[in-house]
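J.: next one to model:
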Amino acid sequence: MARAERRPAQWQAPALCAAVARSHVAANAALRVASLDGTRLAPAAAPFHYVLPDAPAGAGASSHIPARQFERQYAWCLESLGVTVYGYCIERQFGWERKTEPALLLRRPSWWRRLLRPAPLLALTVDAHQAGAAISLAAATRPGYRGAIDCIVRLEPALQQQLKQLHDAQVTAVSIKKKIRRYLMSLRR
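T.: Down below sits the predicted model:
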C-alpha cells in the first residue's frame, strides 16, 4: 500500500500579518470590555482629612474628602503586539508554473540538505499597532533553536528578495568564520 505524501503546511505572509493585526484589535477590545465590566478601582481606605491653612483660629472641625472620590477606573490597552517566527531560508517550487522562489521553513532542514547548503537561522517578525502591521526579517539570535513545526511561510516578492540577501549574507559570515577556525586549527597542529 502506498504511503500518503507528507507535505508541510503553507502560510502566506500577508495572512500571518493580518492574523496578528486581528489579534491586536481583539485583545484591545477584550481589555476595554474587561475594564468596563469590573470596576478596577484604586485602593482607598479611610477618608482624607485636611485643615485649610488660612482657617480662622477657633474653627473646630476639619474638612474631609470621602475615599470614593479618590477611586479611579483604569483601562488597559496594548500599544503594539509583536510575533517572531524563527526559520530557515529554502527555495521551493510553487504553483502550476513550478516557479522557484525563496520561502521561510519553520523546521530545521534535513541533515543532507544542510550538507549541500548551509542553513543559518533567520527571524521573521510581525509587529501590529494602531496604524497597521508590518513584517521585517533579521538574523536570529537564538543559536540553539530547533524548530519542529512543519510549515512554510511564503513571502511577497520584496520580502523574498530581502530573505535571499539576508540568507546569503549569513552564509558568507558563517563560511568566513569556518575558514578562520580551520586555519587556526591547522596552526595548532
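
J.: how near is residue 177 to residue 111?
T.: Distance of residue 177 to residue 111, computed by C-beta to C-beta, to the nearest Å: 20 Å. Any C-beta I mention is one placed from the backbone N, CA and C, and that applies to glycine too.

J.: so the residue positioned nearest the centre of the chain, which state does it fall into?
T.: Centre of the chain computed as the mean C-alpha position; nearest residue by C-alpha atoms, centre = their mean is residue 83, 1.9 Å away. Under DSSP: H, G, I helix; E, B strand; the rest coil, the three-state class of residue 83 is strand.

J.: any idea what it is bridged to?
T.: residue 126 (DSSP bridges).

J.: surely it and residue 126 touch.
T.: Yes: with contact defined as C-beta atoms under 8 Å, residue 83 counts as touching residue 126 (4.9 Å).

J.: now for these two: what residues contact both?
T.: residue 20 (C-beta atoms under 8 Å, 6 or more residues apart in numbering).

J.: which ones are touching the residue nearest to the centre of the chain?
T.: 20, 125-126.

J.: can you check residue 126 too?
T.: 16-17, 20, 82-85, 133-135.

J.: for residue 94, same thing?
T.: Going by C-beta under 8 Å, 6+ apart, the list of residues near residue 94 reads 101, 103, 154.

J.: could you redo the last one with a cut-off of 7 Å?
T.: Contact analysis of residue 94 by C-beta atoms under 7 Å, 6 or more residues apart in numbering lists 101, 154.

J.: gap between it and residue 154?
T.: Plainly put, residue 94 is 7 Å away from residue 154 if you go by C-beta to C-beta.

J.: now swap in residue 21 and tell me
T.: Taking C-beta to C-beta, one finds residue 21 at 18 Å from residue 154.

J.: do residue 131 as well
T.: 25 Å.

J.: with neighbour numbers in mind, choose between the two.
T.: residue 154 (19 against 7; other C-beta atoms under 10 Å).

J.: longest single helix anywhere in the protein?
T.: helix 157-188 (DSSP state H).

J.: give the buried residues for it.
T.: 159-160, 162-163, 166-167, 170 (16 or more other C-beta atoms under 10 Å).

J.: how about stretch 21-33?
T.: 21, 23-24, 28.

J.: between the contacts of residue 83, which is closest to residue 186?
T.: Checking these against residue 186 by C-beta to C-beta gives residue 125 as the nearest, at 39.6 Å.

J.: check contacts around that closest one.
T.: Taking C-beta under 7 Å, 6+ apart as the definition, contacts of residue 125 comprise 82, 84, 136, 138.

J.: pipe these into JSON lines and attach neighbour count, pLDDT and distance to residue 119 per row.
T.: Listed next are the contacts of residue 125 as JSON lines, based on neighbours: other C-beta atoms under 10 Å; pLDDT from 0 to 100; distance: C-beta to C-beta, whole Å:
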{"residue": "82", "neighbour count": "14", "pLDDT": "91", "distance to residue 119": "24"}
{"residue": "84", "neighbour count": "13", "pLDDT": "89", "distance to residue 119": "18"}
{"residue": "136", "neighbour count": "13", "pLDDT": "90", "distance to residue 119": "20"}
{"residue": "138", "neighbour count": "12", "pLDDT": "88", "distance to residue 119": "16"}
